[in-house]
Structures are given as structure tokens and as C-alpha cells.
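Trainee: Sequence and predicted structure, then a few things I'm wondering about:
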Amino acid sequence: MPLIILIITAGVLVLLWRLLRPGGLLEEWGRLRLMSGRILMEDALKYIHACEYERRPADRDGLVQSLRIPAKKADQLISRLKSHGLLTDSGKGLRLSQKGRDHAVRIIRAHRIWERYLADETGLDEASWHRHAHRREHSLTAEEVDSLAADLGNPAFDPHGDPIPTATGELPPHNGQPLTTLAPGEWAVVVHVEDEPELLYEQLVAAGVHPGMQIQLLESGKRIRIWTRNGEQILAPPLAALVSVVPLAEETDSTSHGELLADLKPGEKAVVTAISPACRKQERRRLMDLGILPGTTIEAVMRSPAGDPTAYRVRGTLIALRKEQSRTIYISRGAQEAA
């Protein structure tokens, strides 16, 4: 019996020590609780900033829907934001103070720089960039964000086409219009793809829609039919509503970059003119390591019996590329290989 009491006492003492020691469970729980509260405040600031940026009203009901919190929690959150001087009493819904606006822009900058990093430097699935960036944005310091931005070459846009705020807080407006506003037959270039809701964004990723690509609207109405260099795509109106474009006078892909390598038939040669921006960094680096560089001659040698992949000769070496890879490489049949 005394041994059992001794064991229980020892266990209680160990538990108390783990709870109460510096850096222990109790302190960690308090830190996470504070962190959770700060994240909620910063998410609220981002929601209100997005409303101001898009010139639409922000109110408590929108906050409830955006953050998925009860109305009572939203009221408490609004009171906290006001007590910290992050909101103003404008009498016209929720409005950020200059302090609140500056804080929101810092979080937006961290989010979009981190998304750019994920797109350019990792092999992370495209549909999960936003989710990972949302987790990371709240813990990055301004110095870490500036350092990462410098390493990436201070990009102006994130991989979805959203402008990245500068270190001084400047945020240019979008210059696109909804895809659904195009007239049938009109060409446009995609400048922005909204990454929320995630389930809809995943469908756009699967359809190959990305900033920088050129499209032609074929049909509008209950379904949206578009033509891309990868063929015809059919989008439901909710999907098309997530895509912003800038109209073009005509298709310019063929004149600016050339044909696609996928169009090259066995026995034909051409010169590489460019690699599509849709080809991300790791895959892009692999193609370049294989010798596929602008100015290099490439020859289609043979296709597999199933039609994919195709063997190409580059600088005396045979390589095999899948159709989805060869569609990211632009060629010119009349150009000469660079010396």
C-alpha cells in the first residue's frame, strides 16, 4: 500500500512539474490561447481590408460568415479591435483605422510572399498553397518577410495573380475583369485566379487555369466554354466567377512565344523559344537540366504506341516528355539555334 501511494505521489509531482515549470504545458497552453486570439484578430483585419479593397461594405454578419464564428464571438472581436485602435467608429459598418490598415497589409504581404515561395521553391501541391500560407503568415516577422522577398527577387505578384504589398505598404489595385464579362469570341489573358473556396480552386487547378495563360471565350450562360492552348474547357459559372482577365485584341500566344512542342511531329525540328510560366520552379529546373533552354534545337523522334510520352533529341541526347510537359514548352520552326 505505501508503495502505491508513493507511486501516485510521484506521478502527481511529475505532472505538476510538467504543468508549472517554465516553458511547461500551462505556459504553452497560455501561449497558444494568446496566439489563437491574435490570429482571429488578424483574420478579421484581413476580411475588413478585403472589403475596403474591393469597395464593398464590411459588417458583423460578414465577419461571422468569413471567420465562421458565432455572432457573440464576433461582437467580442469587434470590441477588441476597437480597444486596440484598429477600427474606427464611422457609423457605416466596419472600417479600419490607419493602424489597422497597416497591420492588415503586413499580414497580406507575409501571406502572398509565402505563397510565392511555396510556388517557386517547393513541390507542394498547388491547391494547398493558400492553406499553408494562412498558417505561416501569423508567425513571420516583417524582417523575415523582407528577407524572403529579397531572396525571391522581390516579386510583384503571388502565384494567383494577387499584387504583393511592398515593404512600405503600397498595394496596387487589380486591373482585371470577371471572365464572364467577355463577349463570345473575345480573347483575354488571365491575370488573377481566386484561391477560395479551396474546393472550387482545386477544380480550376485541375482544369489548368492559371495567371498568364491566354483564353478565348466560346460560350457564356449556364456553362462557360473557353479555348486554351490545352484545348477546350467547360467551367461552371461559379468557377468562372473566380477568374479575372484582361481582354486582348487577338490571340498573341502564337506570335509572342511560338507553337507548342506538343505540336511537333516525329522527324520535325524546331527551336525552343520559351517555357511557360505555368511550369513551376522544380519542374522548370528539371527541363532546363535536360538542356531545354531558349535557343536550343529540339527534334521529335518518336511517340510511344499509346501516343504519350514522346521521345525528343536535345543536344545529342534522347529524352522522354509527357504531353502535359511538352505543352509548357514553346517552339519556333523557322528560328535558328543560338550560337
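Mentor: Cool, got the structure. Since this is a predicted model, take the numbers as computed values, not measurements.

Trainee: Helix, strand, or coil at the spatially closest residue to Glu259 that is not a sequence neighbour?
Mentor: Among residues not flanking Glu259 along the chain, Ile331 sits closest, at 5.5 Å (Cβ to Cβ, 6 or more residues apart in numbering). For glycine as for every other residue, the C-beta is placed from the backbone atoms N, C-alpha and C. Secondary structure for Ile331, judged by DSSP: H, G, I helix; E, B strand; the rest coil, is strand.

Trainee: tell me the pLDDT at Ile331?
Mentor: In the predicted model, Ile331 carries a pLDDT score of 85.

Trainee: For it, give the beta-bridge partners.
Mentor: Beta bridges link Ile331 to Glu259, Val272, judged by DSSP bridges.

Trainee: residues near it, how many?
Mentor: Other residues within reach of Ile331, judged by other Cβ atoms under 10 Å, total 25.

Trainee: pretty sure it contacts Ser276?
Mentor: No. Ile331 is not in contact with Ser276 according to Cβ atoms under 8 Å; the separation is 11.8 Å.

Trainee: Show the contacting residues for Tyr47.
Mentor: For Tyr47, the contacting residues are Ala58, Gly62, Leu63, Ser66, Leu67, taking Cβ atoms under 8 Å, 6 or more residues apart in numbering as the criterion.

Trainee: Quickly find the element holding it.
Mentor: helix 25-53 (DSSP states H and E).

Trainee: and the next element down the chain from that helix?
Mentor: Note on helix 25-53: by DSSP H and E, the next helix or strand toward the C-terminus is helix 60-67.

Trainee: In the helix or strand following that next one, which residues are buried?
Mentor: If you walk from helix 60-67 toward the C-terminus, the next helix or strand you reach (DSSP H and E) is helix 71-83. By 16 or more other Cβ atoms under 10 Å, the buried positions in helix 71-83 come out as Ala74, Leu77, Ile78, Leu81.

Trainee: which strands and helices sit next to the helix or strand just after helix 71-83?
Mentor: Using DSSP H and E, the helix or strand that follows helix 71-83 towards the C-terminus is strand 87-88. Under the contact criterion of 3 or more Cβ pairs under 8 Å, 6 or more residues apart in numbering; DSSP states H and E, the helices and strands touching strand 87-88 comprise strand 95-96.

Trainee: Mind listing the strands the strand it packs on pairs with, and their directions?
Mentor: For strand 95-96, the paired strands and their directions (DSSP bridges) are strand 87-88 (antiparallel).

Trainee: Contacts for the strand it pairs with next, please.
Mentor: Strand 87-88 is contacted from outside by Ile48, Ile78, Leu81, Leu94, Arg95, Leu96, Ser97, Gly100, using Cβ under 8 Å, 6+ apart.

Trainee: Among these, pick out the one closest to Gln233, please.
Mentor: When the contacts of strand 87-88 are compared for distance to Gln233, the smallest value, 34.8 Å, is given by Ile48; criterion: Cβ to Cβ.

Trainee: I'd say that closest one and Pro57 touch.
Mentor: No. Here Ile48 does not reach Pro57: they are 10.1 Å apart, not a contact under Cβ under 8 Å.

Trainee: which of those two has more neighbours?
Mentor: The neighbour count for Ile48 versus Pro57, taken as other Cβ under 10 Å, is higher for Ile48 (26 against 11).

Trainee: Quick check: can you name the pairing partners of the strand or helix carrying Val191 and their directions?
Mentor: In the assignment (DSSP H and E), Val191 maps to strand 187-193. Each strand pairing with strand 187-193, determined using DSSP bridges, is listed with its direction: strand 214-219 (antiparallel), strand 243-248 (antiparallel).

Trainee: so which of the ones you listed gets nearest Met41?
Mentor: Comparing the strands paired with strand 187-193 against Met41 with Cβ to Cβ, the closest turns out to be strand 243-248 (29.0 Å).

Trainee: What lies in contact with that closest one?
Mentor: For strand 243-248, contacts defined as Cβ under 8 Å, 6+ apart pick out 161, 174-179, 182, 186-194, 204, 209, 214-215, 235.

Trainee: are any of these buried, and which?
Mentor: Those of the contacts of strand 243-248 that meet the buried threshold are 161, 176, 179, 182, 186-194, 204, 209, 214-215, 235, by 16+ other Cβ under 10 Å.

Trainee: Figure out which of the strands paired with strand 187-193 is closest to Glu143.
Mentor: Between Glu143 and the strands paired with strand 187-193, the shortest gap by Cβ to Cβ is with strand 243-248, which sits at 32.3 Å.

Trainee: Pull the distance from that closest one to the chain's centre.
Mentor: Centre-to-centre, strand 243-248 and its host chain are 18 Å apart (Cα atoms, centre = their mean, to the nearest Å).
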